[in-house]
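**Q** model this:
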Amino acid sequence: MRYLRWAAPALVLLAGLALVISGQVIRSGADPADRALTDRAATGRVAEEVGAALGRAFSYSAADSESTRTAARAVFGGAAEEQYRALAEQLTGWVGEQQLTLTSRVVSTGVVHLTGDRAELLVLLDQSARRAAGPPTRTAAQLLVGARLDGGRWLITQLKSL
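**A** Next comes the predicted model:
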């Protein structure tokens, strides 16, 4: 009986606390459906798939540029597909003329937002370019990437160089 006297005020306090917290989430602009920080499996999957796709798509070789284009067609869509196509047209000439090999390796991938079938990622790439004669040139690239889950796989839909 003594516990019942304390139970009602405790429930009211807990309900009030829940309302305050949900109000702060709403005012902060945070999307309660955003799983970027709460769903490790989903963030790991999108980071792995997008990172691997970018590593393949941004690695070129004079000996085998067609396989790069084929791999890219499978992972890009929307605006990113057009951006990649324009970049690939420029690189095709350079790769052949200069016997250029470009290797891109994903150094880090962070999922910024993940809601339903959409994701936004920050991807850091380490790139190494080598001409037929000469030492490699290294550079880093930072990309803001938009992705959409399509048929059970992540499709890159937006690319923005930072």
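**Q** could you pull out the strands for this structure?
**A** Secondary structure of the chain by DSSP state E: the strands cover 60-61, 101-115, 118-130, 137-150, 153-161.
**Q** Point to the residue nearest the middle of the protein.
**A** By CA atoms, centre = their mean, the chain has its centre lying nearest to residue 121, at 3.2 Å.
**Q** re the thing from before, indicate which one of the strands of the chain is closest to residue 37.
**A** strand 101-115 (8.6 Å; CB to CB). Backbone N, C-alpha and C define where each C-beta goes, glycine included.
**Q** Show me what the closest one is packed against.
**A** Packing partners of strand 101-115 (3 or more CB pairs under 8 Å, 6 or more residues apart in numbering; DSSP states H and E): helix 40-57, strand 60-61, helix 78-98, strand 118-130, strand 137-150.
**Q** give me the low-pLDDT residue ranges for the chain?
**A** 1-31, 93, 95-96 (pLDDT under 70).
**Q** what about 80?
**A** Residues of the chain meeting the criterion pLDDT under 80: 1-33, 61-68, 89-100, 132-134.
**Q** what residues go with each domain of it?
**A** Here the domain parsing of the chain from automatic domain parsing is 1-30, 33-161.
**Q** ranking the ones you listed by burial, who's on top?
**A** The highest mean neighbour count among the domains of the chain, using mean count of other CB atoms under 10 Å, belongs to domain 33-161: a mean of 16.
**Q** on that earlier part again, surely the residue nearest to the centre of the chain meets residue 108?
**A** No: using CB atoms under 8 Å, residue 121 is not in contact with residue 108, being 10.2 Å away.
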